[in-house]
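Asks: what's the 3D shape of this:
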Amino acid sequence: MFGGNPGGRQGKEDRLRLGDFWKLHLYRPDHREILRRCCLKARQSKFMELTYDENSLAKALSYLQTMLSEIVDHSDDGEEREVSRMLGLVNLVYFSRT
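Replies: Here you go, the predicted model:
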């Protein structure tokens, strides 16, 4: 799908404005990808629950390294950043209590 508005003339040069065109691309992930993303969200939630209890930080770290890391798409920069953020959260909680 394409869209935009060539508008009219603008500026001192009275040039035709063509800078606000856009393109929308939609895709539908397959069933495996949807299931993987749902499992990832559920495991992220479980990880966050483990970080609430200061006595479970070792469990949270182990969970991150095993259960959560195995389902992350390591070729996706966004998911990699999210895992790094979670690791930072464990470090933050650990070092804030010492």
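Asks: got the CA positions of stretch 71-83 in CSV?
Replies: Output in CSV follows, covering the C-alpha atoms of stretch 71-83 (Å, rounded to 0.1, in the frame of the first residue of the first chain):
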residue,chain,number,x,y,z
ILE,A,71,13.6,-19.4,22.8
VAL,A,72,15.1,-15.9,21.9
ASP,A,73,15.7,-15.2,18.2
HIS,A,74,19.3,-14.2,18.5
SER,A,75,19.3,-12.8,14.9
ASP,A,76,16.7,-10.2,16.0
ASP,A,77,18.4,-7.2,17.5
GLY,A,78,15.3,-6.1,19.4
GLU,A,79,15.0,-9.5,21.2
GLU,A,80,18.7,-9.5,22.0
ARG,A,81,18.4,-6.0,23.5
GLU,A,82,15.5,-7.2,25.6
VAL,A,83,17.6,-10.1,27.0
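Asks: Name the residues of that stretch that are buried.
Replies: Val72, Val83 (16 or more other Cβ atoms under 10 Å). Using the backbone N, CA and C atoms, a C-beta is placed for each residue, glycine as well.
Asks: what sits up against that stretch?
Replies: Arg36, Cys39, Leu40, Arg43, Gln44, Leu64, Leu68, Ser69 (Cβ atoms under 8 Å, 6 or more residues apart in numbering).
Asks: got the contact list for the third one?
Replies: When contacts are counted by Cβ under 8 Å, 6+ apart, Leu40 is found next to Leu68, Ile71, Val72, Glu79.
Asks: quick check, the second one in a strand?
Replies: No. Counting by DSSP: H, G, I helix; E, B strand; the rest coil, one finds Ile71 to be coil, located in no strand.
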